[in-house]
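K.L.:
Quick one: sequence plus predicted model below, questions after.
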Amino acid sequence: MIEPSLDQVRAKIMEFAPSDYPFVNDLAQYALTGRGQMLRPSLLLATSMLGGGPTPPAKAIQLAAMVECIHVASLLHDDVVDGGRFRRKLQTVNAKWGNKEAVLLGDFILAMAHEALSDYPDTRVLKSAHRITRTLAMGELVELQYATDVHLDEETYCRIISHKTASFFAECCYLGGWAANLDNADLERLATVGHSIGMAYQILDDLLDVTGSLAALGKDITHDILAGNITLPIIHSLSAAGKEEPRARLKKALETGDLEFIRENLSRLVMESGGYDYCIRRAESFTNKAADAIGALPKSCPRPVVSAIGQVTEYMFARLKAGGDGTRVRV
Ligand code: FPP
Ligand code: MG
C-alpha cells in the first residue's frame with residue numbers, strides 16, 4: 001500500500017542535501033542514499049492512511065522523509081559513539097572520512113530536518129521532532145553510563161531501549177496519525193502501538209547482533225557488545241538459573257574484555273543459556289501489546305490499513321529468521 005509513497009519519500013530525502021559546497025553535498029548524498037529498512041517512514045506512512053484516503057497524504061510524505069533524515073543523523077552519531085565500520089552495507093562516514101566529519105554531517109542533516117518541520121504551524125509536529133532527538137540522546141547517554149556493566153538489569157535495559165528506539169517508533173505513528181487528522185486519544189493509542197513495536201524491534205535487533213551476519217545485516221555483528229553495550233540476550237545469559245558454566249565464562253570474558261572469546265563464543269553461549277528463546281518471548285509480549293492497542297483503534301479506520309500495521313511485527317520476526325536481511329523478507 002505504501003510502496004509508491006516510499007519512492008516519493010526517497011526522492012524527497014535527496015532534495016534535502018543542497019548546500020553551496022560540493023564536499024558537504026557529497027557527504028550528505030553518501031549518508032542519505034544508503035538503503036536502510038525505512039521502517040520509521042513506513043510506519044508513519046501506514047498510520048497516515050488510517051484517516052481513510054486511498055494513499056498517504058502529501059504532508060505524510062514530507063514528514064516521513066524528515067523522520068528518516070533524523071534517523072540517519074542519529075546513526076551517523078551512533079557510529080562515532082560505537083566506532084561502527086559498516087552501516088547499510090556501506091562503510092560508515094566515520095570510517096571513510098573521520099569522526100569529525102560524521103558528527104558535523106549528522107548535525108547538518110538533523111538541523112535540515114528540524115528546519116523543514118518548523119514550517120508546520122501546528123506546533124505538535126516540531127515538538128514531536130524535538131522529543132525524538134532529546135529522547136534518543138538521553139537513551140544513548142544512559143546506555144553509555146551502563147556500558148560494560150555486567151550488573152545491568154532487564155528493567156534498566158528496557159528503559160534504555162524505550163528511549164533510544166521505541167519512543168522514536170511511537171512518534172512516527174503519532175505523526176502519521178496527525179497527518180490522518182485523528183483525534184488526540186487515537187494519537188496516544190498509535191503512540192502505544194509504535195512504542196510496543198519499537199521495543200520488540202530493538203530486542204530482536206539486539207538478538208541479531210549476536211546471531212546475524214555482516215552480509216545479511218549490512219553492519220558488523222557482535223559490534224554493540226564489543227562496544228560495551230549489555231543487551232537482553234546477554235543479561236538473560238548472565239542470569240539464567242542452573243546454567244552455571246556458560247554464565248561464568250561469559251561474565252569473565254565481559255569483565256576482562258576478552259573480545260576474542262566473546263566474538264567466537266557469544267552466539268553459542270546465548271543459545272545454550274536459553275537467551276535466544278527468552279528474547280523471542282519478550283519480543284512477543286511487546287508485539288501482543290501492540291496488537292491490543294491496534295485492536296483499540298476506532299472502527300472507522302480502514303481494516304486493510306489496520307491489519308497492514310499489525311503485519312510489521314511479522315516482518316520483524318521474519319527478518320530475524322533471515323539473519324537480519326530485511327530485503328529478503330516479504331509478509
Ligand atoms: C542505534 O543503536 C542507535 C540509535 C537507535 C540512536 C542513536 C542516537 C544518538 C547517537 C543520539 C543523537 C541523536 C541525533 C538525532 C543526532 P545501536 O547501536 O543499538 O544499533 P546498531 O547496531 O544499528 O548500531
Ligand atoms: Mg550502534
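P.N.:
Structure received. Ligands and ions are numbered 1, 2, ... in the order given.

K.L.:
So which residues on the stretch 51-200 of the chain come close to ligand 2?
P.N.:
Neighbours of ligand 2 within the stretch 51-200 of the chain, by CB under 5 Å from the ion: 78, 82. (C-beta placed from N, C-alpha, C; glycine too.)

K.L.:
Now do the strands in the stretch 51-200 of the chain.
P.N.:
Remark: strands assigned in the stretch 51-200 of the chain by DSSP state E, counting those that start in this stretch are 86-87, 90-91.

K.L.:
What strands flank the first one, and is each parallel or antiparallel?
P.N.:
According to DSSP bridges, strand 86-87 forms sheet pairs with strand 90-91 (antiparallel).

K.L.:
hmm, the partner strand touching ligand 1?
P.N.:
No - figure legend: strand 90-91 not in contact with ligand 1 (CB under 6 Å from any ligand atom); closest approach 13.3 Å.

K.L.:
mind checking how far the closest residue to Met49 other than its chain neighbours is from ligand 2?
P.N.:
The shortest distance from Met49 to any non-neighbouring residue, by CB to CB, 6 or more residues apart in numbering, is to Val305 (4.6 Å). Distance, Val305 to ligand 2, using CB to the ion, to the nearest Å: 32 Å.

K.L.:
Could you give the number of residues near Val305?
P.N.:
For Val305, the neighbour count with other CB atoms under 10 Å is 21.

K.L.:
The residue nearest the centre of the chain: what's its closest spatial neighbour, skipping adjacent residues?
P.N.:
Centroid-nearest residue in the chain, with CA atoms, centre = their mean: Thr165, separated by 5.1 Å. Once flanking residues are discounted, Thr165 sits nearest to Gln202: 4.1 Å by CB to CB, 6+ apart.

K.L.:
tell me the contacts of the one you found?
P.N.:
Gln202 makes contact with 161, 164-166, according to CB atoms under 8 Å, 6 or more residues apart in numbering.

K.L.:
so which helix or strand takes in it?
P.N.:
For Gln202, the host element (DSSP states H and E) is helix 184-211.

K.L.:
Can you give me the buried ones in that helix?
P.N.:
Going by neighbour count (16 or more other CB atoms under 10 Å), the buried part of helix 184-211 is 186-187, 189-211.

K.L.:
and that helix, what's its mean pLDDT?
P.N.:
Mean pLDDT, helix 184-211: 94.

K.L.:
How far off centre is it?
P.N.:
8 Å (CA atoms, centre = their mean, to the nearest Å).

K.L.:
Surely Val312 is in contact with Leu44?
P.N.:
No - with contact defined as CB atoms under 8 Å, Val312 does not count as touching Leu44 (11.8 Å).

K.L.:
if you count what's nearby, which of those two comes out ahead?
P.N.:
For the pair Val312 and Leu44, the greater number of neighbours falls to Leu44 (33 against 22), based on other CB under 10 Å.

K.L.:
looking at this, the more buried one is in a strand?
P.N.:
No - remark: Leu44 does not belong to a strand; assigned using DSSP: H, G, I helix; E, B strand; the rest coil, it is helix.

K.L.:
what about it, distance to Trp178?
P.N.:
10 Å (CB to CB, to the nearest Å).

K.L.:
Over to Asp153?
P.N.:
35 Å.

K.L.:
One more: Gly323?
P.N.:
In terms of CB to CB, Gly323 sits 36 Å off from Trp178.

K.L.:
higher neighbour count, those two?
P.N.:
Trp178 (25 against 16).

K.L.:
In this structure that one contacts Leu126, no?
P.N.:
No - contact between Trp178 and Leu126 fails when scored by CB under 8 Å: they sit 11.7 Å apart.

K.L.:
Against which helices or strands is the strand or helix carrying Glu260 packed?
P.N.:
Assigning secondary structure by DSSP H and E places Glu260 in helix 259-272. In terms of contacts (3 or more CB pairs under 8 Å, 6 or more residues apart in numbering; DSSP states H and E), helix 259-272 is packed against helix 184-211, helix 223-226, helix 232-239, helix 244-256.

K.L.:
Please spell out which residues along the last one are buried.
P.N.:
Read that as helix 244-256. Neighbour counts over helix 244-256 (16+ other CB under 10 Å) mark 246-247, 250, 253-254 as buried.

K.L.:
Tell me the one of the residues you listed nearest Ala102?
P.N.:
Nearest to Ala102 out of the buried residues of helix 244-256 is Leu254 (CB to CB; 27.4 Å).

K.L.:
List the contacts of the closest residue in space to the closest one that isn't next to it in sequence.
P.N.:
The shortest distance from Leu254 to any non-neighbouring residue, by CB to CB, 6+ apart, is to Val150 (5.2 Å). Shown in contact with Val150 (CB under 8 Å, 6+ apart): 230, 238, 251, 254-255.
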